[in-house]
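Q: Sequence first, then the predicted structure, then my questions.
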Amino acid sequence: MIEVFEATELPRARAAGALVARILQTLRSRCEVGTNLLDLDRWTREMITEAGAVSCYVDYAPSFGRGPFGHVVCTSVNDAVLHGLPHDRGLADGDLLTLDLAVSLDGIVADSAVSFLVGDSRPAESVALIEATERALDAGIAAAGPGARLGDVSHAIGAVLGEAGYRVNTEFGGHGVGSTMHQDPHVANTGRPGRGYKLRPGLLLALEPWVMADTDVLVTDADGWTLRSATGCRTAHSEHTIAITDDGAEVLTAREPAA
Ligand code: MG
Ligand code: MG
């Protein structure tokens with residue numbers, strides 16, 4: 001099912017997006033060498049509760065995970081890229097961390113992810129991975145708007161990732177959001193322009209390019225949730241929720257630039 005919202009409902013979507021952006025920004029500012037992933041989860045839970053929002057993850061039990069997730073934020077470190085289950089682990093200098101957060105506020109979901117390096121180390125390969133997913137996300141957003149096709153968005157994302165030298169995995173990608181987290185349509189991270197569903201005002205989409213440095217093959221961690229690169233290489237993931245408007249695409253989960 002594809003949900004389409006009235007313009008009058010956009011303020012609710014904006015509020016959900018702003019909350020997700022604010023929580024991710026706060027978490028990022030608290031990530032230092034030694035910060036424990038379970039503390040990130042605990043702080044997220046506190047911020048969600050304080051805002052009167054509901055986690056989309058805690059009870060989530062899809063076919064690709066083992067039972068309810070049980071936590072409220074995905075914390076994927078280094079070779080982990082998607083659905084990282086928080087564990088009792090302290091962050092180290094140079095760790096590449098991806099935080100992925102989805103909450104429902106007043107009945108509308110927002111979903112966003114950010115990858116960044118912890119501490120002072122800036123390994124070139126990791127910086128390149130992060131920047132490629134950010135550029136791909138920007139390209140996908142620029143390609144989205146009323147009348148554009150889903151394939152235009154997928155193609156824009158995939159072209160940037162491909163030019164950066166990465167292979168695109170098509171098992172997981174973006175999706176519609178609305179009253180629940182994962183809705184139609186699926187937004188693949190590669191595609192053919194001019195094809196697919198025609199975007200229209202009121203549609204909310206989560207765009208989420210992600211890549212692995214030298215492979216497109218995922219393996220599932222023993223925890224039953226965390227998806228890692230099959231080769232152990234590093235990975236990155238960038239995600240925003242956007243609203244298709246009469247004028248183009250509005251980014252609902254935009255954050256302030258990182259300090
Ligand atoms: Mg997400
Ligand atoms: Mg998503």
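A: Structure received. Ligands and ions are numbered 1, 2, ... in the order given.

Q: tell me the pLDDT at Thr133?
A: pLDDT, Thr133: 98.

Q: Now the residue in the stretch 151-259 of the chain positioned nearest to ligand 2: closest residue in space that isn't a chain neighbour?
A: Using Cβ to the ion, the closest approach of the stretch 151-259 of the chain to ligand 2 is made by Ala206 at 4.0 Å. For the C-beta atoms, the positions are set from N, CA and C on the backbone; glycine is no exception. Spatial nearest neighbour of Ala206, excluding adjacent residues (Cβ to Cβ, 6 or more residues apart in numbering): Asp111 at 4.3 Å.

Q: Do a quick rundown of the helices in the stretch 1-150 of the chain.
A: 10-30, 37-50, 124-143, 150-163 (DSSP state H, counting those that start in this stretch).

Q: This protein against ligand 2: which residues are in contact?
A: 111, 206 (Cβ under 5 Å from the ion).

Q: Please tell me how far Ala113 sits from Ile244.
A: As defined by Cβ to Cβ, to the nearest Å, Ala113 lies at a distance of 20 Å from Ile244.

Q: Only alpha carbons, please: show stretch 148-163 as PDB.
A: Output of stretch 148-163 as PDB, limited to C-alpha atoms (Å, rounded to 0.1, in the frame of the first residue of the first chain):
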ATOM      1  CA  ALA A 148       9.600  12.200 -11.300                       C
ATOM      2  CA  ARG A 149       9.700   8.400 -11.400                       C
ATOM      3  CA  LEU A 150      11.100   6.200  -8.700                       C
ATOM      4  CA  GLY A 151      13.600   5.000 -11.300                       C
ATOM      5  CA  ASP A 152      14.900   8.500 -11.600                       C
ATOM      6  CA  VAL A 153      15.700   8.600  -7.900                       C
ATOM      7  CA  SER A 154      17.200   5.100  -7.800                       C
ATOM      8  CA  HIS A 155      19.300   5.900 -10.900                       C
ATOM      9  CA  ALA A 156      20.600   9.100  -9.300                       C
ATOM     10  CA  ILE A 157      21.600   7.300  -6.200                       C
ATOM     11  CA  GLY A 158      23.200   4.400  -8.000                       C
ATOM     12  CA  ALA A 159      25.100   6.500 -10.400                       C
ATOM     13  CA  VAL A 160      26.900   8.300  -7.600                       C
ATOM     14  CA  LEU A 161      27.700   5.100  -5.800                       C
ATOM     15  CA  GLY A 162      28.900   3.500  -9.000                       C
ATOM     16  CA  GLU A 163      31.100   6.400 -10.000                       C
END
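
Q: Buried residues, it. List them.
A: 148-161 (16 or more other Cβ atoms under 10 Å).

Q: before we move on, what about stretch 206-223?
A: 206-213, 215, 218, 221.

Q: Endpoints of that stretch, how far apart?
A: Start-to-end span of stretch 206-223 (Cα to Cα, to the nearest Å) is 26 Å.

Q: and the residue nearest to Ser154 when sequence neighbours are not counted, what are its phi and psi?
A: Nearest non-adjacent residue to Ser154, counting by Cβ to Cβ, 6+ apart: Gly191, 2.8 Å away. With angles defined as degrees, to the nearest 10, Gly191 sits at phi -180, psi -180.

Q: Would you mind listing what in the stretch 51-200 of the chain touches ligand 1?
A: Checking the stretch 51-200 of the chain against ligand 1 by Cβ under 5 Å from the ion, the hits are 100, 111, 113.

Q: With pLDDT and neighbour count added, can I get those in JSON lines?
A: Converted to JSON lines, these look like this (pLDDT from 0 to 100; neighbours: other Cβ atoms under 10 Å):
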{"residue": "Asp100", "pLDDT": "98", "neighbour count": "24"}
{"residue": "Asp111", "pLDDT": "98", "neighbour count": "28"}
{"residue": "Ala113", "pLDDT": "98", "neighbour count": "28"}
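
Q: quick one: which of these sit in strands?
A: Per DSSP state E, strands hold the following members of these: 100, 111, 113.

Q: shouldn't the last one be in contact with Ala102?
A: No: contact status for Ala113 versus Ala102: not in contact, 9.1 Å apart, counting by Cβ atoms under 8 Å.
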